[in-house]
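*Asks:* any chance you could fold what I've pasted below:
(one chain, ligands or ions: 2)
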Amino acid sequence: MSLNPSTAIEKAQVLSEALPYIQRFFDKTIVIKYGGNAMTDEKLKQGFARDVVLLKTVGMNPVVVHGGGPQINDLLKRVGKQGEFIQGMRVTDRETMDVVEMVLGGLVNKEIVNLINQNGGKAVGLTGKDGGFIRARKMMVKNVDKPGENIDIGHVGEVTEIFPELVSLLDSRDFIPVIAPIGVGEHGEAYNINADLVAGKLAETLKAEKLILLTNTAGVLDKEGKLLTGLTAARVDELIANGTISGGMIPKISTALDAVKNGVKSSHIIDGRVEHALLLEILTDQGVGTLIRAN
Ligand SMILES: Nc1ncnc2c1ncn2[C@@H]1O[C@H](COP(=O)(O)OP(=O)(O)O)[C@@H](O)[C@H]1O
Ligand SMILES: CC(=O)N[C@@H](CCC(=O)OP(=O)(O)O)C(=O)O
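*Replies:* Numbering: from 1, shown residues only. Ligands and ions are numbered 1, 2, ... in the order given. Model (predicted):
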């Protein structure tokens, strides 16, 4: 099949546009949070895996942290339980914790590992229990109706420490770490941690160049549903206070902000429903979501 010369030149131009980005991000760590909602379409999943392999092949160090909220809800339903969330965090009793470990540490993790490997990468799946590398403690959430009181939401954790050696070792041997957001407590107990929080802390610990949170919206939207392409700390506070940002977007935006305040060069909330969103964000002049800056 002969190629139309102008199409061929356009393709070459897009490839050429990637060069400065490849040079700038060579050997840099990019932490990518792959949200459960962005994981539903087969073609998108293949595209995601291919993009991750491409980034690794051109010399970057992609580290994938995945979610799986909707997938946990599906299995809970099959065992007759209803998922419940308070301030974006899943209420996690003992039985729910078992389901979370099965879905995140098992099904979802191995599916992503497999997808990346089928596309020519060398992915290795981990939970925070492996090498005890994600340490956690029980998280309490504030009771908004009763100031000063907390709500106990069960086996939900917050990260206390991340030991980066295991991830760095995998990176240095050309493996791609794929991490499920499960932490381990002082007594070996498992904690369910919001995947955005794990991705943010990991990005800080690894001194990542970028934190990219892939989700199922165009980015952060204003009250009219229009995309906000750039946000600062002050504006985020305002949008949370007036209810424009709610639910699962609260831990996401807080994480993105904490990361840039703590040394990650840039945080992005981008649309995982756009094919090759990762490549567009990292290797082209085109932004595909919301860029979060400290000020
Ligand atoms: N201002 C906002 N802009 C975009 N999404 C918002 C906003 N406020 C709340 N949301 C909700 O946050 C959701 C993303 O969080 P979540 O469902 O936890 O995603 P993920 O599974 O990718 O982590 C969106 O689908 C949307 O319903
Ligand atoms: C404490 C808490 O809420 N944990 C999350 C972990 C998975 C996750 O974060 O998945 P998404 O990124 O797909 O939302 C949960 O149980 O759903």
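
*Asks:* downstream of the helix or strand containing residue 8, the next helix or strand is which one?
*Replies:* For residue 8, the host element (DSSP states H and E) is helix 5-17. Next helix or strand after helix 5-17 toward the C-terminus (DSSP H and E): helix 19-25.

*Asks:* now do that following helix: which elements does it pack against?
*Replies:* Contacts defined by 3 or more C-beta pairs under 8 Å, 6 or more residues apart in numbering; DSSP states H and E place helix 19-25 against helix 277-283. (Glycine included, C-beta is placed from N, CA and C.)

*Asks:* put the alpha carbons of the helix it packs on into PDB.
*Replies:* The C-alpha coordinates for helix 277-283 follow below in PDB (Å, rounded to 0.1, in the frame of the first residue of the first chain):
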ATOM      1  CA  ALA A 277      -3.700  10.100  26.600                       C
ATOM      2  CA  LEU A 278      -0.300   9.300  28.200                       C
ATOM      3  CA  LEU A 279       1.600   9.900  25.000                       C
ATOM      4  CA  LEU A 280      -0.200  13.000  24.300                       C
ATOM      5  CA  GLU A 281       0.600  14.300  27.700                       C
ATOM      6  CA  ILE A 282       4.200  13.300  27.900                       C
ATOM      7  CA  LEU A 283       5.500  13.500  24.300                       C
END
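
*Asks:* what does the helix or strand following it rub up against?
*Replies:* Heading C-terminal from helix 277-283, the first helix or strand you meet, by DSSP H and E, is strand 289-292. Residues from elsewhere that reach strand 289-292 (C-beta atoms under 8 Å, 6 or more residues apart in numbering): 218-220, 227-232, 236, 253, 256-257, 260, 266-271, 277, 281.

*Asks:* partners of strand 289-292 in the sheet?
*Replies:* Its sheet considered, strand 289-292 pairs with strand 230-231 (parallel), strand 266-271 (antiparallel) by DSSP bridges.
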